[in-house]
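In: Provide a 3D model corresponding to the input given below.
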Amino acid sequence: MARAALERPASSLSSRPTGRPAVRRSSAPAPPTRPDKRDLILRAAIRVFAERGFFGAQVADVARVAGVAAGTVYLYFHGKDHLLASIFERVMTDALAEGRAVLTAATDPIDRLRRIARLHLERLGRDRDLAVVIQVELRQSTKFMEQFSASKLREYLGLIRGAISDGQDAGLVRRDVNPTLAAKMLFGALDEMATNWMLSRRGTSLDGVADQVVDMFVHGVGTRG
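Out: This is a model prediction of the structure:
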């Protein structure tokens, strides 16, 4: 973007009357950043899939909510399947980035588990539409579930597994516990809490649930005695 401030050429400076300060125009405020169109379409897809269900939704519905032509959607995505897969990809990419960021500041393995659990539930708890898509719509397709089990979900489980393994090294978790199995158990518990909250019509909250889940989990796999 061109600079709004105008500078006089060097030759004109000598001709300016003495004793008068130079006047510089302040830079014009930058225009608001327009949302990325791909992100806009993904956001619309989350809303449409949550309201209509994945199988009941059409690409035209997503385009209408996004405020774009249906052809524009196809410039970024191959179709509904690609939209759903891209939602999951985006969620897991963000989850991994956030998870790695908070884990770098935590050295205690149990504290790391708590931080992962809090992030997991906070992410879904602040967006019910996203929770519906992740907890319900994604799981109605065996094809998607098979793909996900070999994708970023494995990396995400690896963050949990790493904390559990470190807990074993620190003497906080029993040596006879299988870290991979334990990671899936904790993930499953958090997953069920998110699903229960998403389906609840009584205005339940996920506040504090993560810590309770981790405490019960740790007491179940903690060192005997």
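In: Need the distance between the two termini of stretch 49-68.
Out: End-to-end span of stretch 49-68 (C-alpha to C-alpha, to the nearest Å): 17 Å.
In: Buried residues in it, which are they?
Out: Phe49, Ala50, Phe54, Ala57, Val59, Asp61, Val62, Ala63, Val65, Ala66, Val68 (16 or more other C-beta atoms under 10 Å). Any C-beta I mention is one placed from the backbone N, CA and C, and that applies to glycine too.
In: For it, what is the distance to the chain centroid?
Out: Mean C-alpha position of stretch 49-68 versus that of the full chain (C-alpha atoms, centre = their mean, to the nearest Å) differs by 21 Å.
In: Check stretch 159-168 too.
Out: Chain-centre distance of stretch 159-168: 22 Å, with C-alpha atoms, centre = their mean.
In: And for that stretch, what's in contact with it?
Out: Outside stretch 159-168, the residues that touch it by C-beta atoms under 8 Å, 6 or more residues apart in numbering are 96, 99-100, 103, 109-110, 112-113, 116, 173-175, 177, 179-180, 182-183, 186-187, 221.
In: Among the buried residues of stretch 49-68, pick out the one closest to Ser205, please.
Out: Ala50 (19.5 Å; C-beta to C-beta).
In: The closest one reaches Gln135, doesn't it?
Out: No: the pair Ala50 / Gln135 is not scored as a contact, 10.3 Å apart, by C-beta atoms under 8 Å.
In: one step back: can you say which of the contacts of stretch 159-168 are buried?
Out: The neighbour count (16+ other C-beta under 10 Å) marks 96, 99, 103, 109-110, 112-113, 116, 173, 177, 179, 182-183, 186-187, 221 as buried among the contacts of stretch 159-168.
In: domains in the protein, as residue ranges please.
Out: Per the record, the chain has its domains at 34-77, 84-225, by automatic domain parsing.
In: Just put these in CSV and tack on mean pLDDT.
Out: Listed next are these as CSV, based on pLDDT from 0 to 100:
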stretch, mean pLDDT
domain 34-77, 92
domain 84-225, 87
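In: With secondary structure and distance to Phe77 as extra columns, can I get the buried residues of stretch 49-68 in TSV?
Out: Shown next, in TSV, are the buried residues of stretch 49-68 (DSSP: H, G, I helix; E, B strand; the rest coil; distance: C-beta to C-beta, whole Å):
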residue	secondary structure	distance to Phe77
Phe49	helix	13
Ala50	helix	17
Phe54	coil	14
Ala57	coil	13
Val59	helix	8
Asp61	helix	14
Val62	helix	9
Ala63	helix	11
Val65	helix	14
Ala66	helix	11
Val68	coil	12
